[in-house]
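**Student:** Sequence and predicted model, in that order:
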Amino acid sequence: MVYWLCITNEDNWKVLKQKNVWGVPERHKNAIAKVKPGDKLLIYVKQEKVGDETKPSRIVAIYEAASEVFRDSSRIFKSPKRMGNETFPLRIKLKPIKIFDKPLDFKPLIPKLKFITNKQKWSGHLMGKAMREIPEEDYKLIVDSARE
C-alpha cells in the first residue's frame with residue numbers, strides 16, 4: 001500500500017467530497033499512474049483567501065483509492081484561473097475513510113514530517129504538484145494528529 005498527499009483547493013475539495021473522485025491534469029500522469037486500489041490518500045487543501053478570511057493549509061480527509069486511473073474529461077472540477085480550461089481528465093474513484101470534523105492545520109506538522117526535508121521552504125515540497133507519495137510514518141503521524 002502506498003500513501004499519497006493530494007493537493008487541492010477549496011472549490012475542488014467540495015467536488016471531491018460530493019463525487020468521490022480525484023482528478024489531475026495530464027502533466028501529472030506519471031504520479032497518478034502509480035496509484036493502485038487500496039492506496040490511502042490524504043486530502044490537503046491549500047491556504048487561500050475566501051472573502052476576507054485566509055483559510056490555512058490543512059488536511060481535511062482520508063480516502064482510499066477505489067479504482068485504477070481512468071480518463072474522463074467531463075467538467076466537474078473548477079479550473080484555477082492560471083490553468084485555463086483544465087478538466088483534470090486523469091481520475092480515480094475514491095472511497096471515503098474519514099472526513100475530519102475539524103480540519104488538521106498543516107503547519108504545526110511540518111517539523112515532524114519526514115518527506116519535508118527543508119523545513120524553512122516547506123511549500124516547495126508541494127508546489128507545482130497535484131499529489132505526492134509520502135512515507136507510511138508521515139501518514140500515521142497525520143492520522144494520529146487528527147485523532148487528538
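**Tutor:** Everything's here; your move. Numbering: from 1, shown residues only.
**Student:** For the rest of this, base every contact and every neighbour count on C-alpha atoms.
**Tutor:** Fine.
**Student:** Where do the helices of the protein begin and end?
**Tutor:** For the chain, applying DSSP state H gives helices covering 10-19, 29-32, 136-147.
**Student:** Switch these over to a markdown table; also include mean neighbour count and mean pLDDT.
**Tutor:** Shown next, in a markdown table, are those (neighbours: other Cα atoms under 10 Å; pLDDT from 0 to 100):
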| stretch | mean neighbour count | mean pLDDT |
| --- | --- | --- |
| helix 10-19 | 15 | 96 |
| helix 29-32 | 16 | 96 |
| helix 136-147 | 15 | 94 |
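**Student:** so which of those helices comes closest to E53?
**Tutor:** Taking Cα to Cα, helix 10-19 is the member of the helices of the chain nearest to E53, at 12.7 Å.
**Student:** quick revisit: the helices of the chain: which one's closest to I76?
**Tutor:** Nearest of the helices of the chain to I76, taken as Cα to Cα: helix 10-19 at 7.1 Å.
**Student:** Which elements pack onto that closest one?
**Tutor:** The contact analysis (3 or more Cα pairs under 8 Å, 6 or more residues apart in numbering; DSSP states H and E) places helix 10-19 against no helix or strand.
**Student:** Can you tell me how far P108 is from H125?
**Tutor:** According to Cα to Cα, to the nearest Å, P108 and H125 sit 16 Å apart.
**Student:** quick one: strands adjacent to the worst-scoring helix or strand of the chain on mean pLDDT?
**Tutor:** Within the chain, judged by mean pLDDT, DSSP states H and E, the helix or strand with the poorest mean is strand 48-50; its value is a mean of 82. Paired strands of strand 48-50, with direction, are strand 53-55 (antiparallel) (DSSP bridges).
**Student:** Looking at the protein, which residue reaches furthest from the middle?
**Tutor:** D52 (24.2 Å; Cα atoms, centre = their mean).
**Student:** For the chain, just list every one of the strands.
**Tutor:** 3-8, 21-24, 40-45, 48-50, 53-55, 58-65, 70-71, 90-105, 131-134 (DSSP state E).
**Student:** on that earlier part again, any chance of the helices of the chain in a markdown table with distance to F77 as columns?
**Tutor:** Output for the helices of the chain, formatted as a markdown table (distance: least, Cα to Cα, whole Å):
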| stretch | distance to F77 |
| --- | --- |
| helix 10-19 | 6 |
| helix 29-32 | 17 |
| helix 136-147 | 26 |
